[in-house]
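Engineer: Need a 3D model of the sequence below.
(one chain, ligands or ions: 3)
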Amino acid sequence: MSYPPQQAAGGYPPQGQPAGGYPPPQGQPAGGYPPPQGQPAGGYPPPQGQPAGGYPSPQGQPAGQAPSGDGASAPEEVADYRPGDTSGLKTFEGYGNVGFEGGSFLPPPPPPSYDEQQAPSMDFGQAANITAEEARAALLSYVAENCCYGKGAAEQMEMKDINPSNAFHYTLETFCEGRTTARTEIPYLGDAVDGPFNGPPPMPWDITCAPTQQFSDQVYKLPVPHTAEVRMCGMCLGGGFVRCNRCHGVGRDTCSHCSGRGHTVHYRDGEHHHEHCHRCHGTGRDTCGRCHGNGRVPCPHCKGQGRVKAFIEMTITFKNYVTDYILEETAMPDELIRDVSGVEVFNQSMPQLWPITTFPVRQVNDNSVRLVEAAKRAHPTERQLQQRQILRAVPVTEVDYKFKDRASKFWVYGMQRKVHAPDYPQQCCCGCTIL
Ligand SMILES: [Zn+2]
Ligand SMILES: [Zn+2]
Ligand SMILES: [Zn+2]
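Structural biologist: Ligands and ions are numbered 1, 2, ... in the order given. Here you go, the predicted structure:
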């Protein structure tokens, strides 16, 4: 990922940004999370051998005290905790009432206008005209080279008529960018905070982010500069611990060795013997393997820190929308044209295309206009970055044949000379049906 990209003229940030500015070097989010190794004082986990429970609570909970057996000292752990409370968090111009859920859509700036009179000239070359001789050669070559194609029938069938034609495949790609924001929280590890005191955040569409490649789908997530604030973790209420949800705070769990029976059963000398469980000493209960008997575990939301850093996160989505049109006038299924190669008649890429209007085949022009116009209205919430239109001519040869008094057709299509022969009279030597 090559974020941040090259600075565009007028891009953000301006030159001479003070220390702590945005963007940070080498893709690291502002504020540098996670921090380098080396935990801040009071961090989690405690060194080996030290009893758990030594986390200094900002609420004045006595440190070093073992948690009570009922786990009442810690809030219940919620597996899919999502902070929903935005009260107390600042709002920022240009970002509206952004919450933690979903993502607030950011309407793009108006698109640049284009002068209708400046439509570029379009040269389609000679590729649209594939000769009958070329199509015939493709068919004969196919029959000669494909051993599986029931040579006998191909040789003996009477070719009544060979009709070369061109199918046209027009593809329109529209490459767009969408931006949404949502608040998010990460554990606060004591690192620098790029908060509102650094100034107002840049407007949503002024934040620079370029795709690494055009016409390919990509998603980036960036912290919005100057929106970070540190606050108490809402899940553990600042304590850094939550009640263990395996033992429900008791600290003891069903013995895994005897499955809670207090004994194990062994078959020996033709008889079953019950043996006292040595792990739980017959109680059927054992120290909880998740909390190691503490009844509580470090808060998963703040990683035991008790505090979180809340900030607005921008999700930038680059998406390539593809629409196409196939003109294929034989009885062969049109969609077969999509996946074979042809001759490129026209290939053009611009921020906003003009549709093809001067191609000799009217249906191509009509559908180019239709698709380009539809694309203008299709993505109103996104910024259109680039479009590309490609017109390909794909040779299709329809062959009328007669074999043992039965008349039918097959088709040879694409530069690969694929064959569509649903009625081919002869199965191949290995027993498969020619498709
Ligand atoms: Zn927490
Ligand atoms: Zn437990
Ligand atoms: Zn046991």
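Engineer: ok, which residues in the protein are in contact with ligand 3?
Structural biologist: Within the chain, the positions lying close to ligand 3 (Cβ under 5 Å from the ion) are 255, 257-258, 277, 279-280. C-beta coordinates here come from the backbone N, C-alpha and C atoms, glycine included.
Engineer: can you do 8 Å?
Structural biologist: Residues of the chain lying close to ligand 3 (Cβ under 8 Å from the ion) are 255-264, 277-286.
Engineer: Among the residues you listed, which are located in strands?
Structural biologist: Taking DSSP state E, the ones among these that sit in strands are 263-264, 285-286.
Engineer: Taking these, please make a ChimeraX selection of just the buried ones.
Structural biologist: Applying 16 or more other Cβ atoms under 10 Å to those, the buried members can be selected in ChimeraX as follows:
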select :264,285,286
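Engineer: Which strand residues bridge residue 314?
Structural biologist: Beta-bridge partners for residue 314, by DSSP bridges, are residue 181, residue 222.
Engineer: With residue 396 instead?
Structural biologist: Listed beta-bridge partners, residue 396: residue 165, residue 413 (assigned using DSSP bridges).
Engineer: thought it was touching residue 332?
Structural biologist: Yes: counting by Cβ atoms under 8 Å, residue 396 touches residue 332, with 6.5 Å between them.
Engineer: Check the contact lists of those two and give me the overlap.
Structural biologist: 411, 413 (Cβ atoms under 8 Å, 6 or more residues apart in numbering).
Engineer: which of these two has more neighbours?
Structural biologist: Per other Cβ atoms under 10 Å, whichever of residue 396 and residue 332 has more neighbours is residue 396, with 25 against 20.
Engineer: residue contacts, the more buried one?
Structural biologist: Here residue 396 is in contact with 164-167, 328, 330, 332, 337, 411-413 (Cβ under 8 Å, 6+ apart).
Engineer: and the two most separated of those residues?
Structural biologist: 164 and 337 (14.7 Å; Cβ to Cβ).
Engineer: Could you list the residues of the stretch 201-350 of the chain in contact with ligand 2?
Structural biologist: 244-253, 288-297.
Engineer: Now, those that are in strands?
Structural biologist: 252-253, 296-297.
Engineer: By neighbours, which of the residues you listed wins?
Structural biologist: Ranking those using other Cβ under 10 Å puts residue 296 first, with 27 neighbours.
Engineer: What's the separation between that one and ligand 1?
Structural biologist: 11 Å (Cβ to the ion, to the nearest Å).
Engineer: same deal with residue 189?
Structural biologist: According to Cβ to the ion, residue 189 and ligand 1 sit 13 Å apart.
Engineer: Please apply the same query to residue 233.
Structural biologist: Per Cβ to the ion, residue 233 is found 3 Å from ligand 1.
Engineer: Could you look up the SS state of the nearest residue to that residue once chain neighbours are set aside?
Structural biologist: Once flanking residues are discounted, residue 233 sits nearest to residue 302: 3.8 Å by Cβ to Cβ, 6 or more residues apart in numbering. Per DSSP: H, G, I helix; E, B strand; the rest coil, the local secondary structure of residue 302 is coil.
Engineer: ok now do residue 302, which residues does it touch?
Structural biologist: Contacts for residue 302 (Cβ under 8 Å, 6+ apart) come out as 187-188, 233, 235-236, 240, 308.
Engineer: Now, the residues you listed that are in strands?
Structural biologist: If you go by DSSP E, the contacts of residue 302 have 187, 308 in strands.
Engineer: Just among the contacts of residue 302, which is most surrounded?
Structural biologist: Neighbour-wise, the contacts of residue 302 (other Cβ under 10 Å) top out at residue 236, 28 neighbours.
Engineer: where are the low-confidence patches of the stretch 101-250 of the chain?
Structural biologist: In the predicted model of the stretch 101-250 of the chain, residues 102-103, 111-156 satisfy pLDDT under 70.
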